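Trainee: Provided below for reference: sequence and predicted model.
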Amino acid sequence: MDDISDNTALMQLSRDRRLAARVVAGDERALRQFVDEYFPRLYRYAHHRLRNPADVDDVVQVVLAQAARRLETYRGEATLLTWLIRICRHEISRQLHRDTRDSDLMVPFLNDDLLRSVVESIEVEGGSTPEADSRRLELIGLIQTALDQLPERYASALEMKYIEGLNSIEIAELMQISDEATQSLLARARRAFKEVCGEALHTALQV
Amino acid sequence: MNESERKDEEDSDISLLLKLAGPREKLPQELKQNWESVFRQELKAAAKSRQSRRRKWIAGVAATVAFCALLLNFIPHSPAPEPVTMVRVSSLSGSAAMTGVDGKTTELEKGMHIATGSLIETGSDSRVGLNYGGYSLRIDINSRVTLHASAVHLVSGQVYASDAVQRIGLTQLNITTPQGSVRDIGTQFTVRVSAEGTVATVRQGIILVDTGASEFQIEAQRGSAARLWVNNMGEVQSTQVSATGENWRWIYALVEPFELEGKSIYDFLQWSVSETGGELVFSRASDELYARRVLLHGSATGLDPERALLTVLEATDLKAQRQGDTLLVSSRR
């Protein structure tokens, strides 16, 4: 990671520490922010791994109960999202009787060659066999989890550009920033996306 | 491969991955509400547990604290300053009066600033809308309300409070009644006081009702409002009622009309949800873009926000559907 990334990560950790402390102290706005920011991400994380809506509901309720009880012990060693996902992963593993000693999925870095080979493997796997479908679902889960690891503005900008097909002027209008700032935001978002989903895709596709 | 070609390829690769993944799924509102409820309960339990752990420590230092407090009593100090809350008449229907702390009675006018400590009285045909520290506070007919810097005392009648406006200074609204107090936690609610007791109804968010003997947390549920009734004996009953419709229509009599001409659909939708409660959500970014770009013409004067929503969107390519606390806006196509 370069200096800028290091600083960004430190700022994120510091902001997460403050947010957790404010939630524990009973600050209503902080609680609202916590709910709006992290509940949808936990939902998607659990949903991609469990599929059954009832299981997702059960697991996330347990995760949130544990998180509420342990939040006062959060010291900002990892981001709040990573901290929550660890609890969630442990709970899912417990539910599925799986070994919980798996390594983190979100290990940076996706280089250009790796990105290309992942893309080529998707293009080759165009058919619809059960195995290909299963790999595709796994990949979708990984990509969406990677998006959730990004700051929300990055993820939204990437979705608008690549999924909805909006151009930078249209995105600028929606985000209420200049076209130049949007292009810069998109460049940073692309870089961050490549970083966070690299190793996850590498592992999933065994390229 | 040159830099530009490399960037183009990288762009198309990321595009392929994201298109494959599709848009991230939205958390269903019902789950969000349930989970928030679980999370709040556990936070509360954790706070109680912390308090209990601290008790031993507190007991250990209690003697020291008592000694310090005793010492402090001998040191002269000035009382804490009274907080300042800005109160202004934002809308008015009929004629209503204000009695100041000096006992002087004045007829209210739109835009007038009101000093804290004043009593506001409405008649059988008058209602008053206030900006109280950034909250929208609306007083129904036949009501008597005293405005303090840190609380609103409802002597009789009914008030509606919404935190949809940008708050300045106040972080929480506290409405006291003869039967207890009602505190908001980011919400829209009404409080009614009659000879039989106090009725608090919340249609968005959560309120805390303190009867003096106990505290109750009531939370609006998906698509319905929660109501708590406290009688003069301190007995409590709770029910679910509709979050829209006739019970809430009186508050729209005090809505400042939305000037439609030249405003975007987005501005109109924001106004509508700030009045009717809930969160504005677009199905797709392109729907939001459309809402921001298309300007409206004409007038919606005379229509309340619920009816105006249907009428105005009819003339556009968008449709709106209420899903619990969310107003989901999507394309008709």
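Mentor: On my side now, so go ahead. In this text the structure is predicted, and so the values were computed from the model without any measurement.
Trainee: is residue A:142 in contact with residue A:198, as I believe?
Mentor: No: contact criterion Cβ atoms under 8 Å: residue A:142 and residue A:198 do not qualify, at 10.4 Å. Backbone N, C-alpha and C define where each C-beta goes, glycine included.
Trainee: ignoring the adjacent residues along the chain, who's closest to residue A:76?
Mentor: Leaving aside its sequence neighbours, residue A:76 sits nearest to residue A:17 (Cβ to Cβ, 6 or more residues apart in numbering or on different chains; 3.7 Å).
Trainee: burial measure for residue B:314, as a count.
Mentor: Around residue B:314 there are 9 other residues, counting by other Cβ atoms under 10 Å in any protein chain shown.
Trainee: so what pLDDT did it get?
Mentor: For residue B:314, the model assigns a pLDDT of 89.
Trainee: contacts only, for the nearest residue to residue B:101 once chain neighbours are set aside.
Mentor: With Cβ to Cβ, 6+ apart as the criterion, residue B:101 has its nearest non-adjacent residue at 4.1 Å, and that residue is residue B:117. Counting by Cβ atoms under 8 Å, 6 or more residues apart in numbering or on different chains, residue B:117 touches B:100, B:101, B:146, B:147, B:148.
Trainee: out of those, who's nearest residue B:264?
Mentor: Comparing the contacts of residue B:117 against residue B:264 with Cβ to Cβ picks out residue B:147 as the nearest, at 35.5 Å.
Trainee: quick check: bridge partners of that closest one?
Mentor: Under DSSP bridges, the beta-bridge partners of residue B:147 are residue B:152.
Trainee: what number of residues lie near it?
Mentor: By the measure other Cβ under 10 Å, the count of residues near residue B:147 is 22.
Trainee: wait, isn't it in contact with residue B:121?
Mentor: No: between residue B:147 and residue B:121 no contact is recorded; they are 11.9 Å apart, counting by Cβ under 8 Å.
Trainee: of the contacts of residue B:117, which pair is most distant in space?
Mentor: With distances taken as Cβ to Cβ, the most widely separated pair in the contacts of residue B:117 is B:100 and B:148, at 13.2 Å.
Trainee: check which helix or strand covers the residue nearest to residue A:76.
Mentor: Following DSSP states H and E, one finds residue A:17 within helix A:3-24.
Trainee: output the contacting helices and strands for whichever helix or strand comes after that helix.
Mentor: Per DSSP H and E, the first helix or strand lying C-terminal to helix A:3-24 is helix A:28-50. Where contact means 3 or more Cβ pairs under 8 Å, 6 or more residues apart in numbering or on different chains; DSSP states H and E, helix A:28-50 is packed against helix A:3-24, helix A:53-70, helix A:80-96, helix A:130-149, helix B:29-73, strand B:180-194.
Trainee: any buried residues in the shortest one, and which?
Mentor: Residues B:180-185, B:187-193 are the ones in strand B:180-194 that count as buried (16 or more other Cβ atoms under 10 Å in any protein chain shown).
Trainee: could you list which of those also contact chain A?
Mentor: Taking Cβ under 8 Å from any Cβ of the partner chain as the test, chain A is in contact with residue B:185 out of the buried residues of strand B:180-194.
Trainee: same list, the buried residues of strand B:180-194, but as CSV with pLDDT please.
Mentor: Shown next, in CSV, are those (pLDDT from 0 to 100):
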residue, pLDDT
B:180, 89
B:181, 92
B:182, 92
B:183, 88
B:184, 84
B:185, 78
B:187, 79
B:188, 87
B:189, 91
B:190, 94
B:191, 95
B:192, 95
B:193, 94
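Trainee: OK, contacts around the residue nearest to residue B:36 when sequence neighbours are not counted?
Mentor: Among residues not flanking residue B:36 along the chain, residue A:35 sits closest, at 5.2 Å (Cβ to Cβ, 6+ apart). Counting by Cβ under 8 Å, 6+ apart, residue A:35 makes contact with B:32, B:35, B:36, B:39.
Trainee: for residue A:35, give me the pLDDT.
Mentor: So residue A:35 comes in at 93 (pLDDT).
Trainee: got a list of what residue 43 touches?
Mentor: Using chain A here. Taking Cβ under 8 Å, 6+ apart, we find residue A:43 in contact with A:56, A:60, B:25, B:27, B:31.
Trainee: you looked at the wrong chain, it should be chain B
Mentor: Residues in contact with residue B:43 (Cβ under 8 Å, 6+ apart) are A:23, A:24, A:26, A:31, A:68, A:71.
Trainee: rerun that using 7 Å as the cut-off
Mentor: Applying Cβ atoms under 7 Å, 6 or more residues apart in numbering or on different chains to residue B:43 gives the contacts residue A:68.
Trainee: what's stretch A:63-79 in contact with?
Mentor: Contacts of stretch A:63-79 (Cβ under 7 Å, 6+ apart): A:12-14, A:16-17, A:20, A:23-24, A:42, A:83-84, A:87-88, A:91, B:35, B:38-39, B:42-43, B:46, B:50.
Trainee: show me the domain layout of the chain.
Mentor: Reading this off chain A. Following automatic domain parsing, one finds the domains of chain A at A:3-96, A:112-205.
Trainee: hmm, no, I was thinking of chain B.
Mentor: Taken from automatic domain parsing, chain B resolves into B:27-77, B:87-250, B:257-331.
Trainee: mean pLDDT lowest where, among these?
Mentor: domain B:27-77 (a mean of 74).
Trainee: which residue is the nearest non-sequential neighbour of residue A:141?
Mentor: Nearest non-adjacent residue to residue A:141, counting by Cβ to Cβ, 6+ apart: residue A:48, 3.2 Å away.
Trainee: list the residues that contact that neighbour.
Mentor: With Cβ under 7 Å, 6+ apart, residue A:48 has these contacts: A:141, A:144, A:145.
Trainee: any idea which of those residues is closest to residue B:312?
Mentor: Nearest to residue B:312 among the contacts of residue A:48 is residue A:144, at 35.0 Å by Cβ to Cβ.
Trainee: the top helix by length along chain A and chain B in contact?
Mentor: Longest helix in chain A by number of residues (criterion: DSSP state H): helix A:179-205. Yes: Helix A:179-205 lies within reach of chain B by Cβ under 7 Å from any Cβ of the partner chain, at A:190, A:193.
Trainee: which helices and strands sit right next to that helix?
Mentor: In terms of contacts (3 or more Cβ pairs under 7 Å, 6 or more residues apart in numbering or on different chains; DSSP states H and E), helix A:179-205 is packed against helix A:112-124, helix A:130-149, helix A:152-158, helix A:168-175.
Trainee: recalculate using a threshold of 8 Å.
Mentor: Here helix A:179-205 touches helix A:112-124, helix A:130-149, helix A:152-158, helix A:168-175, helix B:3-21, going by 3+ Cβ pairs under 8 Å, 6+ apart.
Trainee: tell me how far it lies from the chain's centre.
Mentor: Centre-to-centre, helix A:179-205 and its host chain are 12 Å apart (Cα atoms, centre = their mean, to the nearest Å).
Trainee: again, but for stretch A:173-186
Mentor: On Cα atoms, centre = their mean, the centre of stretch A:173-186 falls 22 Å from the chain's centre.
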